[in-house]
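# Let's see this in three dimensions:
(chains A, B, C and D)
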Number of protein chains: 2
Amino acid sequence: MKQAVVAQEEFQRLLQFYKVLADETRLKLIGILASREASVEELAAALGVREPTVSHHLAKLKTLNLVQMRAEGTSHLYRLDGEALRTANKELLTREKLASLVEDHADEAWQQKVLRDFFVGDRLKEIPASRKKRDVVLHWLAEQFALGRQYPEREVNQLIQRHHPDSATLRRELIGGGWLARERGIYWRLPPK
Amino acid sequence: MKQAVVAQEEFQRLLQFYKVLADETRLKLIGILASREASVEELAAALGVREPTVSHHLAKLKTLNLVQMRAEGTSHLYRLDGEALRTANKELLTREKLASLVEDHADEAWQQKVLRDFFVGDRLKEIPASRKKRDVVLHWLAEQFALGRQYPEREVNQLIQRHHPDSATLRRELIGGGWLARERGIYWRLPPK
DNA sequence: GCAATGATTTGATACACTCCTAATTAGATG
DNA sequence: CATCTAATTAGGAGTGTATCAAATCATTGC
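All right, here's what the predicted structure looks like:
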């Protein structure tokens, strides 16, 4: 779980990074500072905006430590921190990276929704037509069976019928999908794959 | 000049890229699709937003060719185009890259502003105190001299005084800054560095 | 062909962010 | 200490865009 929190923070950092860079004026600003240091006044003139606007943008860049400032007289001379830029680039958008950053509660949320949609209390309204949703329902159903116990067919049917009348279909699906196993009229639940 | 146009387009592409990525929902979307393909319905449930919202975001990702879609039944299954992602990453923010993307009209604009600020017509209101601005003014002043011509001191003073009374100071600065050269009371303009 | 299902498009609302002007702060200079 | 300059901060107008509900479109299945 600690892991997940770290991932969250890293995700937010990445998001912040993109947000800061996703502005035309700021990107130009970086472009100028990439080749030389410059004062706020210069930057304003070069970009065709007012000084406060430049200050505003520089403040955002500062939050990423992308720029450094040194005062000379009343001027503030800004320059790009190339090291920070290089570091930031490492944090890049790779497939593996992103996948690891997103909590897989995503999957879980989706399954919750399917169950909400198809159940009223613990009665199954209907058997989902789509394979994917049916699997979610069957998975839930399988969990109603205890692990390590043996069920005669009559008992299996009873248990299923507490949730839906068509026990034959559901029983067959539970077997076919590998949630239950059967031998000589005796059924048992298989451990989660 | 053709070069500049290309750079402009590339700059805009880079900007678009950051804009698309600078959204929490979209970044999560990419994160999910990084590990598996998914339908709009699933994505909506996983992200906790409505289907239209997901469609909207997917449309933006499509503009960068970051996702691919295949239809299965009435579902549209989306997946991340890892190749596109890798390509996009190459377009990265390197110091050299950015510097080349930003037109150096930036500098020019700044100089124009200094001249506007300190001149009324072609009369210099005052000699700028800051070294940087003074250089801009001196540069302009130097250009009022013809290249390859010889000026006696009296003529130099006359020319300068058309723009500002303190010809002594300005003449000295023009020499010191390397815009004019002098030998035995004769002055001439040096070619631009 | 007619529902039903999932996706997309459209139109409206709300929030965030850029940019401005005006006011304030911090340094330098007389 | 007063004044000037450059930068920053505060506050507000205008714009863009994320989101939703409602309407529309496309595909499957009866």
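# right, and the helix or strand after the strand or helix carrying A:Glu9?
If you go by DSSP states H and E, A:Glu9 is part of helix A:2-21. Remark: after helix A:2-21, the chain's next helix or strand is helix A:24-35, criterion DSSP H and E.
# Go through that following helix and flag the buried ones.
A:26-35 (16 or more other Cβ atoms under 10 Å in any protein chain shown). (Each C-beta comes from the backbone N, C-alpha and C, glycine too.)
# State the distance from the closest residue to A:Val49 other than its chain neighbours to DNA strand C.
Among residues not flanking A:Val49 along the chain, A:Thr25 sits closest, at 6.5 Å (Cβ to Cβ, 6 or more residues apart in numbering or on different chains). Per Cβ to the nearest atom of the strand, to the nearest Å, A:Thr25 is found 4 Å from DNA strand C.
# Now that A:Thr25 has come up, it's in contact with A:Gly48, right?
No: using Cβ atoms under 8 Å as the test, A:Thr25 is too far from A:Gly48 to be in contact (9.1 Å).
# pLDDT value on the residue lying closest to A:Leu80 once chain neighbours are set aside, please?
The spatially closest residue to A:Leu80, leaving aside those adjacent along the chain, is A:Leu33, at 4.2 Å (Cβ to Cβ, 6+ apart). We have a pLDDT of 90 for A:Leu33.
# Contact partners for A:Leu33?
A:43, A:67, A:78-80 (Cβ atoms under 8 Å, 6 or more residues apart in numbering or on different chains).
# My reading is that A:Ala71 lies in a strand. Confirm?
Yes: the assignment for A:Ala71, made by DSSP: H, G, I helix; E, B strand; the rest coil, places it in a strand.
# just curious, which of the contacts of A:Leu33 is nearest to B:Ala168?
The closest of the contacts of A:Leu33 to B:Ala168 turns out to be A:Leu43 (Cβ to Cβ; 34.5 Å).
# so where is chain A shaky, pLDDT-wise?
For chain A, the stretches with pLDDT under 70 are A:1-8, A:91-109, A:121, A:193.
# Near DNA strand D, which residues of it are found?
A:39-41, A:51-52, A:54-56, A:58-59, A:69, A:74-76 (Cβ under 7 Å from any atom of the strand).
# Generate a PyMOL selection restricted to the buried subset of these.
What follows is the PyMOL syntax selecting those of the residues of chain A next to DNA strand D that are buried according to 16+ other Cβ under 10 Å:
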select buried, chain A and resi 39+40+41+54+58
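# Select from the residues of chain A next to DNA strand D every entry located in helices.
Counted as lying in helices by DSSP state H, out of the residues of chain A next to DNA strand D, are A:40-41, A:51-52, A:54-56, A:58-59.
# Farthest pair within the residues you listed?
The distance between the two most remote of those (Cβ to Cβ) is 16.3 Å, for A:Glu41 and A:Ala59.
# Tell me which stretches of chain A form strands.
All strands of chain A, identified by DSSP state E, fall at A:38-39, A:67-72, A:75-80, A:119-120, A:123-124, A:151-152, A:180-183, A:186-189.
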